[in-house]
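Undergrad: for reference, the sequence and a predicted model appear below.
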Amino acid sequence: MEIRVLIVDDEPLLGAPLKRSLEGAGYQVTIARNGAEALRTISGSSFDLLLQDLGLPDADGLEIMAEILGRIPCCRALVMTGHGTIEKAVAAMKIGACDFLTKPFAMESLFQKLQRITDLRQIEHQVDLMDLEQTFHKSCVTRSPIMKEILHTAAVVATTDATVLLLGESGTGKDLLADIIHQTSRRSSKTFIKVNCAAIPESLFESELFGVDRGAFTGAERSRSGRIEEADQGTLFLDEIGELPLFLQGKFLRVLGEKRIYRIGGSREYSVDFRLIAATNKNLLQLIASHAFREDLYFRINVVPITVPPLRNRIEDIPLLIAYFEKTFSNQDPTRKKPIFSPEALEMLCKYHFPGNVRELRNMIEQLFILYPGSNIKPHHLSLSMQNPVMADRLGEGISIGKPLRDAVADFENRYIEKVMESVGGHKSKSASILGLSRKVLWERLKKTRS
């Protein structure tokens, strides 16, 4: 764990050598020369240790320390004070400082005190991280080793302001993960602004993100803030960022670098401080190669990439997710009995490809709740849900035009039987159940098809 230290001291002869010594010992150090600079420095940043002189040129040192500790509750303070001001050091410890040093002091004494505080902070960090991981595990139903590693990474990054890029297919739960990262971050009390880039018409994109000043264009009768401005102090979640129009990518890149925006038609500058989480189901490197996505924006947002696996790569979670969705729908309508899955139906689900991932499984369970409340679910109950457009396209591949309809239908039926047989590993009884045929009829159809 890298310890971040903020030194607040107006004496250059002390601050600079102190910074060099601490950085040589592995600390990450920032110096503020007065109280105002210290408060600006902590805006949008987090620190583990505060090393502060109480005699500041522009403000009461105790008030500045109290403000910093109020804004960064996890920070620990070590006060530096001159002879004759011990009472101030005592007052600082009543406010929340861990210890104090009397100037001039030996570096060895400083490092001993810092080490004690650092050891305490590391223990607290581990406890915080364990609590965070428990929160993630309660919110994300899983027993998959892959997902557990992802949740660990997400819990770690939630304690920072680092930009997160969530990658993976549609329906894997990227939006859920983004929401949990925000809810467990230091910005959790602020707004979580979600923007679905795929759902905004290109002509409205700029005004949606940046806002509009009155009179900027015909119909702009009042000023309004954009989504970026609304995310100030909170989290901005750009879902499907691969759909962000190319003409806006450069402008958004500048916002990330400068943390300032102008509304459309306006001249006033607005400062914004937000944490960015982006998500996409597209290959951004391919978009860069086709000149549809800026390479510099990609490297700016790809700070902590997290790839959420498809459901077919975590089949051990399918029974857990079924139970979770059953409980969800039962709570929504306690009068409706939940369907009971047979071992054959459960096995069929675990072998299914799930192109729609967790979202598709959720919809499937909801459909069964509606159509078959309290029923014993067999494979044939699932066949309707699994006849999705993707499967239909694959079944239709290779059918030649020009045949009589009867022959074309027979070809399609034979292809469908083959697909069902393949999905259950050639098991004839299971296939017959899915197809709604007797085993004898299926056997006769197979003999006819293969003769």
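TA: Perfect, I can see it now.
Undergrad: where does the stretch 151-300 of the chain have low pLDDT?
TA: 215-221 (pLDDT under 70).
Undergrad: show me the helices in it, by range?
TA: 174-183, 202-210, 227-230, 246-258, 284-289, 295-301 (DSSP state H, counting those that start in this stretch).
Undergrad: reformat these as TSV; add mean neighbour count and distance to residue 315.
TA: Heads up, the C-betas are built off the backbone N, CA and C, glycines and all. Formatted as TSV, these follow (neighbours: other CB atoms under 10 Å; distance: least, CB to CB, whole Å):
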stretch	mean neighbour count	distance to residue 315
helix 174-183	21	19
helix 202-210	16	39
helix 227-230	20	37
helix 246-258	14	38
helix 284-289	15	28
helix 295-301	16	31
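Undergrad: would a markdown table of those helices with distance to residue 92 be doable?
TA: Formatted as a markdown table, the helices of the stretch 151-300 of the chain follow (distance: least, CB to CB, whole Å):
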| stretch | distance to residue 92 |
| --- | --- |
| helix 174-183 | 33 |
| helix 202-210 | 44 |
| helix 227-230 | 37 |
| helix 246-258 | 36 |
| helix 284-289 | 49 |
| helix 295-301 | 40 |
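Undergrad: quick one: which of these is nearest residue 87?
TA: Each of those has some distance to residue 87 by CB to CB; the shortest is helix 174-183, at 42.2 Å.
Undergrad: can you name every helix or strand that the closest one contacts?
TA: Using 3 or more CB pairs under 8 Å, 6 or more residues apart in numbering; DSSP states H and E, the elements in contact with helix 174-183 are helix 107-139, helix 145-158, strand 164-167, strand 192-196, strand 235-239, strand 275-280.
Undergrad: any chance of CSV for those, columns distance to residue 49 and mean neighbour count?
TA: Converted to CSV, these look like this (distance: least, CB to CB, whole Å; neighbours: other CB atoms under 10 Å):
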stretch, distance to residue 49, mean neighbour count
helix 107-139, 6, 14
helix 145-158, 19, 18
strand 164-167, 25, 23
strand 192-196, 29, 18
strand 235-239, 26, 24
strand 275-280, 22, 26
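Undergrad: so for residue 432, which of those sits nearest?
TA: helix 145-158 (35.3 Å).
Undergrad: what sits up against the closest one?
TA: Outside helix 145-158, the residues that touch it by CB atoms under 8 Å, 6 or more residues apart in numbering are 129, 132-133, 135-137, 140, 142, 164, 177, 180-181, 184-185, 304, 306-309, 313-314, 317.
Undergrad: if we can go back for a sec, select, out of the helices of the stretch 151-300 of the chain, the one closest to residue 366.
TA: Residue 366 sits nearest to helix 174-183 of all these, at 16.9 Å, using CB to CB.
Undergrad: columns distance to residue 338 on top of the helices and strands packed on helix 174-183, output as a markdown table?
TA: A markdown table is the format used below for the helices and strands packed on helix 174-183 (distance: least, CB to CB, whole Å):
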| stretch | distance to residue 338 |
| --- | --- |
| helix 107-139 | 22 |
| helix 145-158 | 25 |
| strand 164-167 | 32 |
| strand 192-196 | 31 |
| strand 235-239 | 31 |
| strand 275-280 | 32 |
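Undergrad: tell me which of these sits nearest to residue 414.
TA: helix 145-158 (37.7 Å).
Undergrad: between strand 275-280 and the closest one, find me the angle.
TA: With axes from the mean of the first three to the mean of the last three CA atoms, to 10 degrees as the basis, helix 145-158 and strand 275-280 are set at 150 degrees to each other.
Undergrad: hey, where'd the strands end up in the stretch 301-450 of the chain?
TA: All strands of the stretch 301-450 of the chain, identified by DSSP state E, counting those that start in this stretch, fall at 304-307, 340-341, 376-377.
Undergrad: just checking: what are the partner strands of the second one?
TA: Here strand 340-341 is paired, per DSSP bridges, with strand 376-377 (parallel).
Undergrad: chain center to the partner strand: distance?
TA: 36 Å (CA atoms, centre = their mean, to the nearest Å).
Undergrad: and what of stretch 435-442?
TA: Relative to where its chain is centred, stretch 435-442 has its mean C-alpha point 47 Å off (CA atoms, centre = their mean).
Undergrad: hey, C-alpha coordinates of it in CSV?
TA: These are the backbone C-alpha positions of stretch 435-442, laid out as CSV (Å, rounded to 0.1, in the frame of the first residue of the first chain):
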residue,chain,number,x,y,z
LEU,A,435,-39.0,-31.0,-28.7
GLY,A,436,-42.3,-32.2,-27.3
LEU,A,437,-42.1,-35.5,-29.1
SER,A,438,-42.2,-39.1,-27.8
ARG,A,439,-38.9,-40.9,-27.8
LYS,A,440,-40.3,-43.3,-30.5
VAL,A,441,-41.3,-40.4,-32.9
LEU,A,442,-37.9,-38.8,-32.4
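Undergrad: for it, give me every contacting residue.
TA: 380, 383, 417, 420, 428-429, 431-432, 445.
Undergrad: return the set of buried residues in it.
TA: Buried residues in stretch 435-442, counted by 16 or more other CB atoms under 10 Å: 435, 437, 442.
Undergrad: want to try TSV for those, with distance to residue 169 as columns?
TA: Converted to TSV, these look like this (distance: CB to CB, whole Å):
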residue	distance to residue 169
435	29
437	33
442	34
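Undergrad: residue 164 bridge partners, please.
TA: residue 277, residue 304.
Undergrad: for the helix or strand in which residue 17 is found, packing partners?
TA: Assessed by DSSP states H and E, residue 17 sits inside helix 12-24. Contacting helix 12-24 under the criterion 3+ CB pairs under 8 Å, 6+ apart are the following elements: strand 4-8, strand 28-32, helix 107-139.
Undergrad: now distance to residue 14 and mean pLDDT too, for the ones you listed, in CSV please.
TA: Output for these, formatted as CSV (distance: least, CB to CB, whole Å; pLDDT from 0 to 100):
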stretch, distance to residue 14, mean pLDDT
strand 4-8, 9, 91
strand 28-32, 10, 91
helix 107-139, 11, 73
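Undergrad: next, format these as a markdown table and append distance to residue 230.
TA: Putting these into a markdown table (distance: least, CB to CB, whole Å) gives the following:
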| stretch | distance to residue 230 |
| --- | --- |
| strand 4-8 | 29 |
| strand 28-32 | 29 |
| helix 107-139 | 24 |
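Undergrad: nearest to residue 268, out of these?
TA: Using CB to CB, these put strand 28-32 closest to residue 268, at 28.1 Å.
Undergrad: got the contact list for the next helix or strand after that closest one?
TA: Remark: after strand 28-32, the chain's next helix or strand is helix 35-42, criterion DSSP H and E. Residues from elsewhere that reach helix 35-42, judged by CB under 8 Å, 6+ apart: 6, 8, 30, 32, 52, 56, 58-61, 63-64, 67-68, 71-72.
Undergrad: from the chain's centre, how far out does helix 35-42 sit?
TA: The answer for helix 35-42 is 29 Å, by CA atoms, centre = their mean.
Undergrad: what's the spacing between the residue most central in space within the chain and residue 237?
TA: Of all residues in the chain, the one closest to the mean position by CA atoms, centre = their mean is residue 178, 2.5 Å from it. As judged by CB to CB, to the nearest Å, residue 178 and residue 237 stand 5 Å apart.
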